[in-house]
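Asks: Predicted model and sequence follow; I will ask about them next.
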Amino acid sequence: MKGVMIQGTASDVGKSLIATALCRLFANEGMKVAPFKSQNMSNNSYVTNDGLEIGRAQGIQAEASKIEATVLMNPILLKPRSDQESEIVLLGASVKTLSGRGYRESFYDRGLDVIQQALHQLTNEYELLILEGAGSPVEMNLKDRELVNMKIAELADVPVFLVADIDRGGIFASIVGTLELLTDEERKRVKGILINKFRGDINLFTDGVEWLEEKTGIPVLGVLPYVNNHMIDREDSLSINEFRRMKKKGDLDIAVIQLPYSSNISDIEPFLNEEDVCLRFVQNVAEFGKPDAVIIPGTKSTIRDLQFMKEVGLFERITSFAEDDGFVTGICGGYQMLGKIMIDEEGTDTGKAGSEETGLGLMEGVTYFRKEKQTIRVKGTYHPQTGIGNERIEGYEIHLGDTILTDEAAKRPLFQFDSNREEGYYSENGRIIGTYLHHLFHNDGWRHHWLNAIRQSVNLPQKPKVDVGVLKEERYERLAEEMGKHLDWEKVKKIISDWGSVHENH
């Protein structure tokens, strides 16, 4: 197998972004390249064309590779449901929920077998794989049964590039310490070091590069810059803190409710392309302020997150905001919260069968949580009753609950999908909106319509439509160009090629 694995000295050092850049760099050279991450832990997921669920990062990396994402690129996805348990998504389908201990003890061999099969199939379909690890390869308490770092590099038999984040400090200790904790065989597999998130004058780090190469005997293949506002979709909950730090200014104030179990936060990223939008994450009443609109995002535990909103006073504040003709949009779990009541018949949301919780009551609807999760890619148009028009929309659904609209609410769907299914809720004045459609705001026409309605309500000027699809493609190219300038690209390619040539017949 030809490929390389990107591992890191810690979480959030930039592995995913570097893997994305490498995917585009090799794709631009005409290589048939694909991403791979054996096991991902994230509530930001991506639904493939055949309705299967993988980690968002691998979906994005597939786009950067100019190919369709498949479930083989992330055979195991762990979606945290609480501090102790995660839902296991195996080959795109939910199989069970386990504790960390239960997963390690009962799932290891099955997981390893699935990973080997996925690697084998991808090797037959692609010329080159860009593999990504998770966290650090030297978590000594977990190392004997890990499924995502050196064990996978060994299975795939690929070299490893070790990434370290200079922005967080302690880079020399983190690199040398990581290498010291690897076994001799593992250390031999590390063929390059990448310094990431560098700021300032690169000439001031020349001595640092020399010291690292002399101390470790491993070449530094690049000192990569801190890429500000790269706008490539984020992988996990760390992205919320990244958003909060952005402090984006704008006249149009949109508050996003920051839920403890938020999922698919990438739903709101397109707003960062809108010049006049200020996007704020709100955790409590003190942060709520006076927004022009509120978005309640998806969640891995709707009832727990609704209880959180009640505890911190956001429940009452949102209902008051809506009663004052505020714009409120709920997506997936946020949509479920808009209704009158939620009933957890099977215990799939809370772990306790028969649990009930009163919703915001902003629409007449009841949500029933089921055993089977629905994951589907959908296309369609706005429903005629909205009066918006017939522009095409698309996205994906991932949910356990069914929301049954009653009375007048059932006459006010938001979408008409190609399957003739009506979906969502669009109030009479268009200010209360709910839908299971993830990537709702990635549809440029819808986002443009919604924002201009809010602008009109607060006497702000209308804005032209922003084409996010074009911007995303430009970002992949800019990322590859920026990273490529700071990589020893020829050496990178030689290491991968030489390793593949020596090891392909072993």
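Replies: That came through, no problem.

Asks: Which pLDDT value belongs to Lys463?
Replies: Confidence at Lys463, expressed as pLDDT, is 94.

Asks: make that Glu213, sorry
Replies: 97.

Asks: And the one 10 residues further on, by the same measure?
Replies: Note for Val223: predicted pLDDT of 95.

Asks: can you count the residues close to the spatially closest residue to Pro464 that is not a sequence neighbour?
Replies: Nearest non-adjacent residue to Pro464, counting by Cβ to Cβ, 6 or more residues apart in numbering: His448, 7.9 Å away. Just so you know, the C-beta spots here come from the backbone N, C-alpha and C atoms, and that holds for glycine as well. Residues near His448, counting by other Cβ atoms under 10 Å, number 18.

Asks: ok, and for the helix or strand that contains His448, which residues are buried?
Replies: Per DSSP states H and E, His448 falls inside helix 444-457. Using 16 or more other Cβ atoms under 10 Å as the test for burial, helix 444-457 gives 444, 446-455.

Asks: same question, stretch 433-445
Replies: For stretch 433-445, burial by neighbour count (16+ other Cβ under 10 Å) applies to 433-444.

Asks: now do the same end-to-end measure for that stretch.
Replies: The first and final residues of stretch 433-445 sit 16 Å from each other (Cα to Cα, to the nearest Å).

Asks: Surely Lys336 is in a strand?
Replies: For the record, residue 336 is Gln, not Lys. No. With DSSP: H, G, I helix; E, B strand; the rest coil as the criterion, Gln336 is helix rather than part of a strand.

Asks: secondary structure element for the spatially closest residue to it that is not a sequence neighbour?
Replies: Leaving aside its sequence neighbours, Gln336 sits nearest to Thr367 (Cβ to Cβ, 6+ apart; 4.3 Å). Of the helices and strands defined by DSSP H and E, Thr367 is found in strand 365-382.

Asks: Give me the nearest residue to Val138, chain neighbours excluded.
Replies: Once flanking residues are discounted, Val138 sits nearest to Leu181: 3.8 Å by Cβ to Cβ, 6+ apart.

Asks: Ignore what I typed, I meant Gln283.
Replies: Computed as Cβ to Cβ, 6+ apart, the closest residue to Gln283 that is not its neighbour in sequence is Gln258, at 4.7 Å.

Asks: And Arg104, what's its pLDDT?
Replies: At Arg104, the model reports a pLDDT of 75.

Asks: Number of residues surrounding it?
Replies: 16.

Asks: which residues does it contact?
Replies: 142, 145 (Cβ atoms under 8 Å, 6 or more residues apart in numbering).

Asks: per-domain residue ranges of this protein.
Replies: With domains defined by automatic domain parsing, the chain comprises 3-231+473-503, 252-459.

Asks: ranges for the strands of the stretch 201-350 of the chain?
Replies: Here the stretch 201-350 of the chain has its strands, by DSSP state E, counting those that start in this stretch, at 220-225, 252-257, 262-263, 277-282, 293-296, 298-299, 327-331, 341-344.

Asks: Arg56 is nearest to which of the ones you listed?
Replies: strand 262-263 (10.0 Å; Cβ to Cβ).

Asks: Just the residues contacting that closest one, thanks.
Replies: Applying Cβ under 8 Å, 6+ apart, the set of residues contacting strand 262-263 from outside is 43-45, 79, 237, 240, 297-300, 305, 332-333.

Asks: so what's the nearest residue to Gly92 once chain neighbours are set aside up against?
Replies: Residue nearest to Gly92 in three dimensions, not counting chain neighbours: Leu52, with 2.6 Å by Cβ to Cβ, 6+ apart. Leu52 sits next to 70-71, 91-93, 375 when contact means Cβ under 8 Å, 6+ apart.

Asks: Do you have the helices of the stretch 351-500 of the chain handy? List them.
Replies: Using DSSP state H, counting those that start in this stretch, the helices assigned to the stretch 351-500 of the chain run over residues 444-457, 468-486, 489-503.

Asks: What are the buried residues along the last one?
Replies: To tie it back to what came earlier, the one meant is helix 489-503. Buried residues in helix 489-503 (16+ other Cβ under 10 Å): 489, 492-493, 495-496, 499-500.

Asks: Output the residues you listed as JSON lines; include the columns distance to Leu155 and pLDDT.
Replies: Converted to JSON lines, the buried residues of helix 489-503 look like this (distance: Cβ to Cβ, whole Å; pLDDT from 0 to 100):
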{"residue": "Trp489", "distance to Leu155": "27", "pLDDT": "96"}
{"residue": "Val492", "distance to Leu155": "22", "pLDDT": "97"}
{"residue": "Lys493", "distance to Leu155": "23", "pLDDT": "96"}
{"residue": "Ile495", "distance to Leu155": "19", "pLDDT": "96"}
{"residue": "Ile496", "distance to Leu155": "17", "pLDDT": "96"}
{"residue": "Trp499", "distance to Leu155": "15", "pLDDT": "92"}
{"residue": "Gly500", "distance to Leu155": "15", "pLDDT": "78"}
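
Asks: Out of the residues you listed, which comes closest to Leu17?
Replies: Nearest to Leu17 among the buried residues of helix 489-503, with distances taken as Cβ to Cβ, is Val492, at 15.8 Å.

Asks: Poorly predicted segments of the protein, please.
Replies: Applying pLDDT under 70 to the chain flags the ranges 82, 100, 228-248, 504-506.

Asks: Can you name the residues bridging to the residue nearest to Gln336?
Replies: Met342, Thr403 (DSSP bridges).

Asks: burial of it, as a residue count?
Replies: Close neighbours of Thr367, defined as other Cβ under 10 Å, add up to 27.

Asks: just checking, it touches Thr403?
Replies: Yes. Here Thr367 reaches Thr403: they are 4.6 Å apart, a contact under Cβ atoms under 8 Å.

Asks: circling back: could you list every residue that touches the residue nearest to Pro464?
Replies: Residues in contact with His448 (Cβ under 8 Å, 6+ apart) are 463-466.

Asks: follow-up on the earlier one: as JSON lines, the buried residues of helix 489-503 with distance to Ser38 would be great.
Replies: Listed next are those as JSON lines, based on distance: Cβ to Cβ, whole Å:
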{"residue": "Trp489", "distance to Ser38": "26"}
{"residue": "Val492", "distance to Ser38": "22"}
{"residue": "Lys493", "distance to Ser38": "24"}
{"residue": "Ile495", "distance to Ser38": "22"}
{"residue": "Ile496", "distance to Ser38": "19"}
{"residue": "Trp499", "distance to Ser38": "19"}
{"residue": "Gly500", "distance to Ser38": "19"}
